[in-house]
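[1] coords please:
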Amino acid sequence: MSEIIEIKVHPDFAFDASRHLDLLSSAVGVKLKPDQIRMLKRSIDARQKPVSYILKFEVSKDAEIQIFPNRIIDDFPNVAMGKPVHIIGAGPAGYFAALELISLGLKPIIYDRGKEVRARRRDLKAIQQDGIVNPDSNYCFGEGGAGTYSDGKLYTRSNKRGDLQRVLKLLVEHHATPDILVDAHPHIGSNKLPQVVEEIRNTIVAHGGEIHFDSKLTDIHYDQSGIRSIEINGDTNISCQKLILATGHSARDIYELLWRRKVHIESKAFALGVRIEHPQSLIDSNQYRQSPRHLNLPAASYSLVTQVDGRGVFSFCMCPGGLIVPAATAPGEIVVNGMSMSRRDSPYANSGIVVAVEKEDLKKFDQFGPLATMKFQASVEQNLFNHGDGSQKAPSMRLTDFVNGKMSNSLGSSSYIPGLFAGRLDQWLPPMIYQRLKSGVMDFGRKMKGYYTEEAMVVGTESRTSSPVKIPRDSLTGQHVQINGLFPCGEGAGYAGGIVSAALDGQFIAKKVLESFS
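    Here you go, the predicted model:
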């Protein structure tokens, strides 16, 4: 019989297995062996000084604990001759839907507009260094979706639609670090994610699934009985009765296609704002109350939220030890996002600071019907681009100048490779966004010592926080409210908000597809 025991250790001993064993042996009064303990969770307690680690273990006095049970993928069947299920999108929703379909005996056939994960790198280099945006291969589109070249944060509060531990175990089985099974806020890192994504692809193909890159959905055909066929690349018509639509939150052409084909979609609230970048040492000093931080402590993060004039202002996708990257998906727009490598060792910390945007805020976009919020989002991105020099250089201000509404005479250093130019974000952002951001960051400065500083750079625009459109589905069947056989899935459908929640939604929808066959 086993029991759960927590121990508190100084960072010096956070990764000292022998020290853990001694402390646990003392706690239970029996000399334990390494195979009688299993770490369940590792978290940091920075509420008091010195900062410490809280470690939770399963301990057995009289038996071995099976730390690594049988692999999930070892039980996968070959589905080459199974019933086909077509999937649009090779992001976390699409790939985890495919893995779940295989486990259920169904054959996934995936189409993605972008390139396989390693070929994407050439297009990322082009947008970083030359300002050239490939609309089908960029930081959002391509194998693995937007999550591949991101921080790889794996924390979610949305675990009701699937098995969170199953998602994490599958990632580990595809070469993610086992630490993600125990860390309170796990992440993989953009330097490790491409290999993980590639291994998932290999598993899908090895078990009889199909994956087609450079394959863009260009039309969809249905009748009263449901989905009939899909068109790929404008010339290939494919018979299809079960379609999982997992295109991600930036596939605007898909929303346009659905509206044109009279598929019911809805305008959806989202959030828009800026990225704010601080020196990581400043964040460490504030959060850990020590400088420099201890070697065994990760780059510190923060989470901030406030209310301004009835709207939430909050930090989003905070990237400690990270980089700001250009996330435009079409020429003529400026979009920025954040990412981190696995070590999170950049000297910068960045986070989206965004304002909730509701449909009622956008009356002048009513003419676009369910695409109203999407059109507003695009208009802000295009406006910021039009104030630049035609490249992917992003407009920026020092945080103090942003709040005071004055042009920055100089800019600090930044991780953003295309470069920054001094611009009037206070004037170029919609007034309802700027005024709330201004009040919000002033409040954050009161809540977090050192946050409000001229050392911080404000960079525009952070606008791809979530989908601005919802593709509604029936909560019981998982199918679109109007069309049988169409299964909206993941972030692009408005049912997820990150790698793990998208993966969980993929699992959920795969099971609903199986149910639909019967």
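
[2] drop to CA atoms for contacts and neighbour counts, all remaining ones
    Fine.

[3] Show the pLDDT at the closest residue to residue 402 other than its chain neighbours.
    Nearest residue to residue 402, sequence neighbours excluded (CA to CA, 6 or more residues apart in numbering): residue 426, at 6.1 Å. The model reports residue 426 with a pLDDT of 97.

[4] and what of residue 190?
    Reported pLDDT at residue 190 in the predicted model: 88.

[5] quick one: secondary structure of it?
    coil (DSSP: H, G, I helix; E, B strand; the rest coil).

[6] Repeat that for residue 256.
    Here residue 256 takes the helix state, with states given by three-state DSSP.

[7] got it, and residue 162?
    Classified using three-state DSSP, residue 162 is coil.

[8] mind checking which helix or strand the residue nearest to residue 402 is in?
    Assigned by DSSP states H and E, residue 426 belongs to helix 425-428.

[9] Give me the next element, helix or strand, following that helix.
    helix 431-447.

[10] Would you mind listing the buried residues in that next one?
    Residues of helix 431-447 classed as buried: 433, 434, 435, 436, 437, 438, 439, 440, 441, 442, 443, 444 (neighbour count, 16 or more other CA atoms under 10 Å).

[11] Make sure the first one is actually in contact with residue 271.
    Same thing as residue 433. No - contact criterion CA atoms under 8 Å: residue 433 and residue 271 do not qualify, at 9.6 Å.

[12] what residues are shared contacts of the two?
    residue 355 (CA atoms under 8 Å, 6 or more residues apart in numbering).

[13] Just give the nearest non-adjacent residue to residue 118, would you?
    Leaving out its chain neighbours, residue 118 is closest to residue 194 (CA to CA, 6+ apart), at 7.1 Å.

[14] Let me know the helix or strand that the one you found is in.
    Assigned by DSSP H and E, residue 194 belongs to helix 193-206.

[15] just checking, what's the longest helix in the chain?
    For the chain, the helix that runs over the most residues, judged by DSSP state H, is helix 499-517.

[16] Summarise which helices and strands the helix holding residue 194 is packed against.
    helix 92-103, strand 210-212 (3 or more CA pairs under 8 Å, 6 or more residues apart in numbering; DSSP states H and E).

[17] Verify the contact between residue 114 and residue 137 for me.
    Yes - with contacts counted by CA under 8 Å, residue 114 reaches residue 137, the gap being 4.9 Å.

[18] Okay, helices next: where are they in this structure?
    Ranges of helices in the chain, per DSSP H, are 17-28, 92-103, 120-125, 164-173, 193-206, 252-260, 280-288, 372-386, 399-404, 425-428, 431-447, 499-517.

[19] Could you export these as TSV, including distance to residue 320?
    Converted to TSV, the helices of the chain look like this (distance: least, CA to CA, whole Å):
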stretch	distance to residue 320
helix 17-28	27
helix 92-103	22
helix 120-125	21
helix 164-173	22
helix 193-206	17
helix 252-260	30
helix 280-288	7
helix 372-386	25
helix 399-404	18
helix 425-428	24
helix 431-447	17
helix 499-517	18
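
[20] quick one: the strands in the stretch 1-150 of the chain?
    2-9, 37-45, 52-60, 84-88, 107-111 (DSSP state E, counting those that start in this stretch).

[21] To residue 308, which of these lies closest?
    Taking CA to CA, strand 37-45 is the member of the strands of the stretch 1-150 of the chain nearest to residue 308, at 30.1 Å.

[22] Which strands and helices lie in contact with the closest one?
    Other elements packing on strand 37-45 under the criterion 3+ CA pairs under 8 Å, 6+ apart are strand 52-60.

[23] before we move on, back to that, burial check on the residue nearest to residue 118, number of neighbours?
    21 (other CA atoms under 10 Å).

[24] and if you look at residue 17?
    11.

[25] and if you look at the one 3 residues further on?
    Neighbour count for residue 20, taken as other CA under 10 Å: 21.

[26] Please name the residues that touch it.
    Contact analysis of residue 20 by CA under 8 Å, 6+ apart lists residue 13.

[27] So in terms of bridging, what pairs with residue 38?
    When bridges are called by DSSP bridges, residue 38 pairs up with residue 58.

[28] Can you get me a residue count around the closest residue to residue 1 other than its chain neighbours?
    With sequence-adjacent residues excluded and distances taken as CA to CA, 6+ apart, residue 1 is closest to residue 60, at 6.0 Å. Neighbour count of residue 60, defined by other CA under 10 Å: 19.

[29] Report the separation between residue 60 and residue 93.
    As judged by CA to CA, to the nearest Å, residue 60 and residue 93 stand 37 Å apart.

[30] Then residue 498?
    Separation of residue 498 from residue 93 (CA to CA) stands at 10 Å.

[31] which residues are common contacts for those two?
    residue 491.

[32] if you count what's nearby, which of those two comes out ahead?
    Remark: of residue 498 and residue 93, residue 93 carries more neighbours, 36 against 22, as counted by other CA under 10 Å.

[33] Now do the contacts for that one.
    By CA under 8 Å, 6+ apart, the contact set of residue 93 is 246, 489, 490, 491, 499, 502, 503, 504, 505, 506, 507.

[34] if we take these, which one ends up nearest to residue 358?
    Nearest member of the contacts of residue 93 to residue 358, counting by CA to CA, is residue 491, at 17.8 Å.

[35] can I assume that closest one is in contact with residue 499?
    No - counting by CA under 8 Å, residue 491 stays clear of residue 499, with 9.1 Å between them.

[36] which of those two has more neighbours?
    Shown here are residue 491 and residue 499; by other CA under 10 Å, residue 491 has more neighbours (29 against 25).

[37] Distance-wise, check the more buried one relative to residue 220.
    Here residue 491 is placed at a distance of 20 Å from residue 220 (CA to CA).

[38] Over to residue 202?
    28 Å.

[39] Between those two, tell me which one has more neighbours.
    Neighbours per residue (other CA under 10 Å) separate residue 202 from residue 220, with residue 220 holding more: 20 against 14.

[40] For the more buried one, give me its contacts.
    Contacts of residue 220 (CA under 8 Å, 6+ apart): 227, 229, 230, 231, 261.

[41] Can you pull the domain assignment for this structure?
    Per automatic domain parsing, the structural domains of the chain span 2-60, 76-264+471-517, 269-462.

[42] right, and those domains - which one's nearest residue 66?
    With CA to CA as the measure, domain 2-60 is the member of the domains of the chain nearest residue 66 (7.9 Å).
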